[in-house]
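**Q** sequence and predicted model, in that order:
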Amino acid sequence: MLAKLFVSLLNFSPALKRATWKWWYQRLAHRGRETDWSFMNYGFTPRNGELPLELLPQDEANRLFIQLYDYAASQIPIEGLKVLEVGSGRGGGASFVTRYHHPSEMTGLDYSQSAIELSRRLHKDVPNLQFIQGDAESLPFEDHTFDVVINVESSHCYGNVDAFIKEVSRVLKPGGYFSWVDLRSKEMFAETESAFNIHDFSPIHSETITKEVVQALDEIHERKMSMIADNVPKVFQTAFRDFAGVKDSQIYNAFQEGKAVYLAKAFQKVTL
């Protein structure tokens, strides 16, 4: 029953979707706290001919997850800029962006206080990186605070994506950048396109990366299955497998059948 929840969540009413995802992510934040598990995304594989990302030895185990962050971060300038990640989860992505893309300052924001506390513990030694609790639909920052906002595989949880996009625009400085990647059901494709169609966002990148994400899901399948078996009570394992997008899960099959897509977009905030 829980396993079927995740595909249907992509189409839930805003209030119910928001409440359900909040409950689920709080539960996730409490699972695996004793491990160094710091990524929750589906991963990304580079296209043929692209040079592999050079990683430090300690980051190799998380290569597929990191590559999704690198893909999102590489669409926009980041070095020397003030960056916000909305939906930072367990903090692995914010840590990677800070260490490899060299912003002057990096802030990870997440709705789950448990996730924030875990992120602070896991990444306490990374300079120029901080984590704070907050709501993506009501960001706790002044207008024009950040040069860059990134959002990786998080917005499908939000009750009101329109409100989130407007908040991103509000906290971005004029000329600032926004990079976004996430999954959507086929039925929500037009609604998603409409949400990004606001007057002060100029598109600079847009493509579908479902193929590259599914390939990563294939490559990481065994590891995810082991992580679930080791860290999740049996009563929840079917639901966790679907959430993780392992082979033959509801979400994995939705990607394969074209019922769900994985989208990537980047924008610059224009001065009107």
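**A** Perfect, thanks for sending it. Given the structure is predicted, the values throughout are model-derived calculations rather than measurements.
**Q** count the residues that sit near L55.
**A** Neighbours of L55 under the rule other Cβ atoms under 10 Å: 16. Every C-beta, even on glycine, is put in place using the N, C-alpha and C of the backbone.
**Q** helix/strand/coil for it?
**A** Assigned by DSSP: H, G, I helix; E, B strand; the rest coil, the conformation of L55 is coil.
**Q** which residues in the stretch 101-250 of the chain form strands?
**A** Listed in chain order, the strands of the stretch 101-250 of the chain (DSSP state E, counting those that start in this stretch) span 105-110, 129-133, 146-152, 172-185, 201-208.
**Q** of these, which approaches E117 most closely?
**A** Nearest to E117, of all these, is strand 129-133, at 8.5 Å by Cβ to Cβ.
**Q** that older thread, let me have the strands of the stretch 101-250 of the chain in TSV, adding distance to S95, mean neighbour count and mean pLDDT as columns.
**A** Shown next, in TSV, are the strands of the stretch 101-250 of the chain (distance: least, Cβ to Cβ, whole Å; neighbours: other Cβ atoms under 10 Å; pLDDT from 0 to 100):
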stretch	distance to S95	mean neighbour count	mean pLDDT
strand 105-110	8	24	98
strand 129-133	6	19	99
strand 146-152	13	25	99
strand 172-185	17	21	97
strand 201-208	24	13	97
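**Q** now those strands in TSV, with distance to I66?
**A** Shown next, in TSV, are the strands of the stretch 101-250 of the chain (distance: least, Cβ to Cβ, whole Å):
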stretch	distance to I66
strand 105-110	15
strand 129-133	15
strand 146-152	11
strand 172-185	13
strand 201-208	19
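**Q** among the ones you listed, which is nearest A260?
**A** Using Cβ to Cβ, the strands of the stretch 101-250 of the chain put strand 172-185 closest to A260, at 5.3 Å.
**Q** by contact count, what packs against the closest one?
**A** Strand 172-185 sits against helix 63-73, strand 146-152, strand 201-208, helix 250-256, strand 260-269, with contacts defined as 3 or more Cβ pairs under 8 Å, 6 or more residues apart in numbering; DSSP states H and E.
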